[in-house]
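Colleague: Give me a 3D structure for the following:
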Amino acid sequence: MQLPFALAPLRALPRLCWGLLLTLACLLPAQGALAMGPQDFPATPPVTRVIDEADLLSRAAITDLDHRLAALEADHIQARLVTLRRLDYGLDLTDLGHQLLERWQGNSSAIEDGQLLVLIEAQNNTAAVVVSNDLLDQLPASLLSSTGTSTMGLPLREGARYRQASIDGIDRLASVLRDGQDPGPPQLIERLAVETNVPSRDETQSSNALTWVVVLLTLGTLVPMITWWVFSR
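Modeller: Below is the predicted model:
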């Protein structure tokens, strides 16, 4: 009479397996959707200048960055900022930027100004800057690489400061466009060790160990001598 009751969990096992499979099937597409490529962006140039796909920026930050990007229109440049969580496998930020510019320029006949695109990836806290070919004389590839790697890379590596990284990158490019003067990447401050007379922890431990060795050697010498002297009387 107890056999059917004992087999009940086994009968429920297939339904449990199917439930797990369905759950995994639902989760996998959601995880894959986090990785982005050119196909995940609009085919035509977005109306907004800040495309915060990774949701990294506050409203105040978006408003501030939008004003800074809009200011570049005085130099006949359409500038945009794109954030994303992570890239598709085998794709880097610079490649994505070039593909987006080619795609948007090919699908819009209204584009007359130069195109500038600032990109930030949240997974690795990396940044890149790409421009259309007509801007390379004003903004050479070496400047773009340094801006993404150094100017923006430093605040990204030091606490994932996305707003500050974006401001620093845009301001450096704006300075070059306005005055022709490159302020350069941020200066890294080398923190030198300050000499001190206070012993370190390792030095203290080494000194303590030496003291114990001397004490043990002294005791090892004196104890046998005292013992011999006592028993020899």
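
Colleague: CA only for contacts and neighbour counts going forward, please
Modeller: Noted.

Colleague: Show me which helix or strand of the chain is least confident by mean pLDDT.
Modeller: helix 3-32 (a mean of 47; mean pLDDT, DSSP states H and E).

Colleague: tell me how far the following helix or strand past it is from the chain's mean position?
Modeller: Using DSSP states H and E, the helix or strand that follows helix 3-32 in sequence is strand 35-36. Centroid separation between strand 35-36 and its chain, computed with C-alpha atoms, centre = their mean, to the nearest Å, is 15 Å.

Colleague: In this structure, which residue is most central in space?
Modeller: Central residue of the chain (C-alpha atoms, centre = their mean): residue 125, 1.4 Å from the mean position.

Colleague: Not counting sequence-adjacent ones, nearest residue to it?
Modeller: residue 156 (5.6 Å; C-alpha to C-alpha, 6 or more residues apart in numbering).

Colleague: Which strand or helix spans the one you found?
Modeller: Per DSSP H and E: helix 153-157 holds residue 156.

Colleague: pLDDT (mean, whole number) over the very next helix or strand once past that helix?
Modeller: For helix 153-157, the following helix or strand on the C-terminal side (DSSP H and E) is helix 162-179. What helix 162-179 shows for mean pLDDT is 96.

Colleague: elements contacting helix 162-179?
Modeller: helix 59-71, helix 153-157 (3 or more C-alpha pairs under 8 Å, 6 or more residues apart in numbering; DSSP states H and E).

Colleague: In TSV, list these along with mean neighbour count and distance to residue 177.
Modeller: Formatted as TSV, those follow (neighbours: other C-alpha atoms under 10 Å; distance: least, C-alpha to C-alpha, whole Å):
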stretch	mean neighbour count	distance to residue 177
helix 59-71	15	11
helix 153-157	21	21
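
Colleague: To residue 175, which of those lies closest?
Modeller: Closest approach to residue 175 among those is made by helix 59-71 (11.6 Å; C-alpha to C-alpha).

Colleague: quick one: that closest one to helix 162-179, angle?
Modeller: With axes from the mean of the first three to the mean of the last three C-alpha atoms, to 10 degrees applied, the angle from helix 59-71 to helix 162-179 works out at 20 degrees.

Colleague: Begin at 45 from now on, thanks
Modeller: Shifting the count to begin at 45 puts that one at helix 103-115.

Colleague: picking that back up, mind giving me a markdown table with the helices and strands packed on helix 206-223 and columns for distance to residue 270 and mean pLDDT?
Modeller: What follows is the helices and strands packed on helix 206-223, written out as a markdown table (distance: least, C-alpha to C-alpha, whole Å; pLDDT from 0 to 100):
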| stretch | distance to residue 270 | mean pLDDT |
| --- | --- | --- |
| helix 103-115 | 82 | 97 |
| helix 197-201 | 67 | 95 |
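
Colleague: got TSV for those, with distance to residue 211 too?
Modeller: Shown next, in TSV, are the helices and strands packed on helix 206-223 (distance: least, C-alpha to C-alpha, whole Å):
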stretch	distance to residue 211
helix 103-115	7
helix 197-201	10
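
Colleague: Check the gap between residue 119 and residue 182 for me.
Modeller: 11 Å (C-alpha to C-alpha, to the nearest Å).

Colleague: what do those two both touch?
Modeller: residue 221 (C-alpha atoms under 8 Å, 6 or more residues apart in numbering).
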